[in-house]
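Student: Structural data only, the sequence is not supplied:
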């Protein structure tokens, strides 16, 4: 939004808008690509533009000199030989300069044709960045900076590819960029939002698979009377209770009316997803995940399990804070402390739990750690959001030691400073999705030295503990069938359990099962459980996992199969790869049987997750569409005029009409046809931008609690078409009151 400038200062202040545009970012990314792939083209382009500017300056100087000569001439101009000679010389120089400009234009066109080979990766990169920015509609914490994206873009360009055709390399680099951006962004999102992010990405990056009517039907936007026209005869394989769903799908895709068996190959992947949505809504979540992986060619919508070692070595820096976005009950500080003690030592790691009176302590420690190269962790900074701008300013002013690292932990907060979010390396910290990812994360924290520091039986019990930890955490996805409520089982519980196992198996002793089960049930995991049914479930799990039958004995007896798993027995070694090989063989998606639950337990969970994704997609799509078409039109019009003035684009009748209207201080016709705003062009643009901001704010409120129910004040002057809003309100009121619209009257009051 534009700043408010008093009228007496408006004539003295020039406002410059530094907002990023699609075309501007695309040009920037294209320049970066050319600089990396063909630096000579970029150098030639720069040289030609410089030469062209020099020629234009010379031409302007000649015009000034000609005017000065004419103004200072004396007597009859036709008889002034000196003046005529000067005019002839000026004409010759002008022709020479004009020829130079034409040659420069030809060379520039030739260079542009060579540069355009790299246009696809720049276009897709620009689109990816703006898709990342759309995620703010899901959570305020999902904000990413342009510098971050450019850094990812350069990393993708540095990828080595087999030699060959340039177009093949560009395709491979584009795929690499997509994979890196997808993984980075997914790591910065909570697992509940990753499926929404994936569908948003695939819908826009693979738009040829998604036609508008099908997408509207998918989101539930398409409303069509099932009574209109002749009913479609359903195939025999469609159950009677799903006849309505078949009719609706058939109305979306005309081809479905002629097909009774949906043979493979006749429908694109998205149409297959629509069929799944209609007939098996309980499998829609898995179908969406499969669609994303297939079209985007990614292995999973979940990022690789978070490794502090990898973050420290490959991504973190002294000047960029690492922000862990947590959920209630998830705390990375203990895991971070253990890692820091291994890397820099206990004396060089400091942490402060933020709260009242801790700001000055944190600031002094920040300056001290930055100077000495120590590590600092500020925990729960969402409790002091008013102080965060001060922290941000101090971080920017630091000249830190290269070994300095700043870690921050915070829960989601709507008032968290956007600039701090964009300048931080964001990592969401919660239990990984799925048993497989949960086990992977655990074993990334357990090194080979840790696993082999005892007898094989200790390593086996450690694996059982990791599996048990993953099961009790993932069972929370089935509330209230799995647990009666969401229990905050955390990494601290796993660490405490591992300490108990260490004590009971020290010096090669056999595990003391009663001791292990008793402490896990009454003090560690079971200490969080407060429901009698849940306590019984916890006790059953503990007796299943932690018994002598689960491990191999010294006499060579074979261990039992791991509870909930098929044909998985524990290795009899202390080698970390043996346990990792078991984990990699596990399926990416958990079946309810792994939690000792019936097969149909997954239906309710998947349907609820799918419904949430559709609601989020609908909110993002609606917020993105209102006002964006007008803003795109304004951007294209003003941008085209600017490029014509710079000499980088040809003048067309449409651009000339826009420029002529602006010179007359009038709003161009195409703009006015989209929205009838102020008559002054500057005020028109400002009003359009302010309305877009307000509309997006209202959609954000509507997505959380409902616009009318939230009690938020609504300014009709901030809408593009207030009459449309009032008409929609009228229709909604008529439905709520079960009353005819003709009987409703708009009433105003000044007493409310």
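Tutor: Done, it's in. Predicted model, so just to flag it, every value in this text is computed and none were measured.
Student: Tell me where the model's unsure across the stretch 301-450 of the chain.
Tutor: Scanning the stretch 301-450 of the chain for pLDDT under 70 picks out 329.
Student: quick one: the helices in it?
Tutor: Along the stretch 301-450 of the chain, the stretches classed as helices by DSSP state H, counting those that start in this stretch are 308-310, 333-343, 359-372, 388-397, 418-422, 435-445, 448-451.
Student: Highest mean neighbour count out of those?
Tutor: Compared across these, helix 435-445 shows the largest average neighbour count, a mean of 22 (mean count of other Cβ atoms under 10 Å). All C-beta atoms are positioned from the backbone trio N, CA, C, and that covers glycine.
Student: Show me the contact partners of that helix.
Tutor: The contact list for helix 435-445, computed with Cβ atoms under 8 Å, 6 or more residues apart in numbering, reads 302, 305-307, 309, 335, 338, 431-432, 466-467, 469-471, 473-474, 494, 576, 579-580, 583, 586-588, 590, 594.
Student: Stretch 199-219 now?
Tutor: Here stretch 199-219 has contacts from 124, 127-128, 131, 134-135, 178, 182, 222, 248-249, 252-253, 268-271, 273-274, 277, 288, 291-292, 295-296, 613-614, 617-618, 620-621, using Cβ under 8 Å, 6+ apart.
Student: just stretch 351-361 next, same as before
Tutor: Outside stretch 351-361, the residues that touch it by Cβ under 8 Å, 6+ apart are 333, 337, 362, 365, 376-381, 383-384, 387, 390.
Student: Buried among the contacts of stretch 199-219? Need that as a selection in PyMOL.
Tutor: Filtering the contacts of stretch 199-219 down to the buried ones (16 or more other Cβ atoms under 10 Å) takes a single PyMOL command:
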select buried, resi 124+127+128+131+134+135+178+182+248+249+252+253+268+269+270+271+273+274+277+288+291+292+295+296+613+614+617+618+620+621
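Student: Around residue 306, how many other residues sit close by?
Tutor: Residue 306 has 21 neighbouring residues, counting by other Cβ atoms under 10 Å.
Student: any idea what the residue nearest to residue 680 when sequence neighbours are not counted is structurally, helix, strand or coil?
Tutor: Closest residue in space to residue 680, ignoring its immediate chain neighbours: residue 665 at 6.7 Å, by Cβ to Cβ, 6 or more residues apart in numbering. Under DSSP: H, G, I helix; E, B strand; the rest coil, residue 665 falls in the coil class.
Student: Quick check: residue 665 vs residue 654, distance?
Tutor: 19 Å (Cβ to Cβ, to the nearest Å).
Student: What distance do you get for residue 56 to residue 93?
Tutor: Applying Cβ to Cβ, the value for residue 56 to residue 93 is 13 Å.
Student: is it true that residue 119 touches residue 30?
Tutor: Yes - at 6.4 Å, residue 119 counts as touching residue 30 under the criterion of Cβ atoms under 8 Å.
Student: thinking again about what came up before, turn the helices of the stretch 301-450 of the chain into JSON lines, including distance to residue 404.
Tutor: Converted to JSON lines, the helices of the stretch 301-450 of the chain look like this (distance: least, Cβ to Cβ, whole Å):
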{"stretch": "helix 308-310", "distance to residue 404": "16"}
{"stretch": "helix 333-343", "distance to residue 404": "12"}
{"stretch": "helix 359-372", "distance to residue 404": "5"}
{"stretch": "helix 388-397", "distance to residue 404": "11"}
{"stretch": "helix 418-422", "distance to residue 404": "17"}
{"stretch": "helix 435-445", "distance to residue 404": "24"}
{"stretch": "helix 448-451", "distance to residue 404": "28"}
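Student: what helix or strand does the residue nearest to residue 172 when sequence neighbours are not counted sit in?
Tutor: With Cβ to Cβ, 6+ apart as the criterion, residue 172 has its nearest non-adjacent residue at 4.7 Å, and that residue is residue 161. Residue 161 belongs to no helix or strand when assigned by DSSP states H and E.
Student: How about the secondary structure of residue 677?
Tutor: Following three-state DSSP, the label given to residue 677 is coil.
Student: before we move on, back to that, output the contacts of stretch 351-361 in a markdown table; the columns should cover distance to residue 444.
Tutor: Compiled in a markdown table, the contacts of stretch 351-361 are given as follows (distance: Cβ to Cβ, whole Å):
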| residue | distance to residue 444 |
| --- | --- |
| 333 | 18 |
| 337 | 17 |
| 362 | 30 |
| 365 | 29 |
| 376 | 24 |
| 377 | 20 |
| 378 | 25 |
| 379 | 22 |
| 380 | 25 |
| 381 | 26 |
| 383 | 30 |
| 384 | 32 |
| 387 | 34 |
| 390 | 36 |
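Student: Can you tell me which of these lies closest to residue 527?
Tutor: residue 333 (19.9 Å; Cβ to Cβ).
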